[in-house]
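Undergrad: A predicted structure for the sequence below; I have some questions about it.
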Amino acid sequence: LARGAAPRDLAGRHVVVSAGGTREAIDPVRFIGNRSSGLQGYALARTAVARGARVTLVAANVALPDPAGADIAAVTSAEEMRAAVLEAAAGADAVVMAAAVADFRPAGYRGSKIKKTDGAEPEPIRLVKNPDILAELGRERRPGQVVVGFAAETDDVLANGRAKLARKGSDLLVVNQVGEDLTFGRPDNAAVILGADGSRTEVPRGAKEALADAVWDLVAERLPAPPR
Ligand code: CTP
Ligand code: CA
């Protein structure tokens with residue numbers, strides 16, 4: 001294949017990709033965050049553009065150049081990500097949640113910077129649950145829409161992945177094995193992609209673009225034929 005000759009199998013499709021990691025504010029200068037770099041989500045956006053899709057990229061706290069040809073919505077927190085993803089998903093053929101969404105946020109935002117007071121120990125920060133965006137997409141999807149999640153697992157990776165796929169109501173779950181710096185901030189990735197139909201696709205360690213293309217292959221297979 002000549003360079004740049006990607007299959008145009010997503011032409012006429014609108015896909016939504018979330019990327020990066022949410023930040024949950026504690027006070028005006030502090031937040032709870034995570035180590036997601038956004039590299040996998042950006043690779044998904046770039047490859048989808050190359051395959052002809054219209055792409056909405058919902059990006060949380062990512063320090064990467066904007067992928068050419070994608071519409072970008074920048075968000076900070078899980079609640080902002082939920083609003084942006086659900087709005088874009090309302091008309092989309094597929095949604096891929098590659099972002100690391102914080103499970104919890106501080107129960108109350110302190111409008112003023114928390115000060116240390118001499119001698120006193122700090123107040124504990126109480127956390128509350130964030131909405132589960134992927135589970136909501138799984139419950140409220142439009143007919144024919146393909147919903148894809150990502151999961152980073154340790155221990156019993158496949159069993160955990162199968163259980164999570166069922167719990168979220170997604171069509172596909174991309175399961176990474178994490179630990180010992182296997183994934184975060186690295187340009188390459190290895191994964192198993194589990195399908196709700198029982199399928200299992202092993203993607204060997206390689207560029208995040210290769211994993212992205214493997215995801216789009218499986219999404220394209222599951223999309224209903226476009227209206228003609
Ligand atoms: N996700 C989401 N909203 C959340 C938490 C996670 O949409 N509040 C999405 C992530 O973007 C990812 C998938 O759900 O695509 C799985 O995330 P993960 O953290 O592995 O699953 P959890 O259900 O949060 O389970 P746990 O962290 O306890 O393993
Ligand atoms: Ca989680």
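TA: Sure thing, it's come through. Ligands and ions are numbered 1, 2, ... in the order given.
Undergrad: what about the lowest-mean-pLDDT helix or strand in the chain and ligand 1, touching?
TA: The least trusted helix or strand in the chain, going by mean pLDDT, DSSP states H and E, turns out to be strand 188-195, with a mean of 90. No - Strand 188-195 lies out of reach of ligand 1 by CB under 6 Å from any ligand atom, never closer than 12.1 Å. Heads up, the C-betas are built off the backbone N, CA and C, glycines and all.
Undergrad: past that strand, which element shows up next along the chain?
TA: strand 200-207 (DSSP states H and E).
Undergrad: contacts only, for the residue nearest the centre of the chain.
TA: By CA atoms, centre = their mean, the chain has its centre lying nearest to A98, at 1.7 Å. By CB atoms under 8 Å, 6 or more residues apart in numbering, the contact list for A98 reads 17-19, 40-41, 44, 150, 174.
Undergrad: closest one to E123 out of these, please.
TA: Distance ranking of the contacts of A98 against E123, using CB to CB, places S18 first at 32.5 Å.
Undergrad: per-residue pLDDT of the closest residue to Y109 other than its chain neighbours, please?
TA: Among residues not flanking Y109 along the chain, A25 sits closest, at 5.5 Å (CB to CB, 6 or more residues apart in numbering). pLDDT, A25: 98.
Undergrad: A25 contacts G108, correct?
TA: No - judged on CB atoms under 8 Å, A25 makes no contact with G108 at a distance of 10.4 Å.
Undergrad: who has more neighbours out of these two?
TA: Neighbours per residue (other CB atoms under 10 Å) separate A25 from G108, with A25 holding more: 15 against 10.
Undergrad: so which bits of whichever strand or helix holds M81 are buried?
TA: Following DSSP H and E, one finds M81 within helix 78-89. Using 16 or more other CB atoms under 10 Å as the burial criterion, the residues of helix 78-89 that qualify are 78-86, 88-89.
Undergrad: how close does the residue nearest to R54 when sequence neighbours are not counted get to D93?
TA: Nearest non-adjacent residue to R54, counting by CB to CB, 6+ apart: H14, 4.6 Å away. For H14, the distance to D93 equals 6 Å [CB to CB, to the nearest Å].
Undergrad: which one's more surrounded, those two?
TA: Each of H14 and D93 has its neighbours counted (other CB under 10 Å); D93 has more, 23 against 18.
Undergrad: got the contact list for the residue lying closest to that one once chain neighbours are set aside?
TA: Nearest non-adjacent residue to D93, counting by CB to CB, 6+ apart: R13, 4.4 Å away. By CB under 8 Å, 6+ apart, R13 lies in contact with 52-54, 93-94, 223, 226.
Undergrad: which among those residues end up buried?
TA: 53-54, 93-94, 223.
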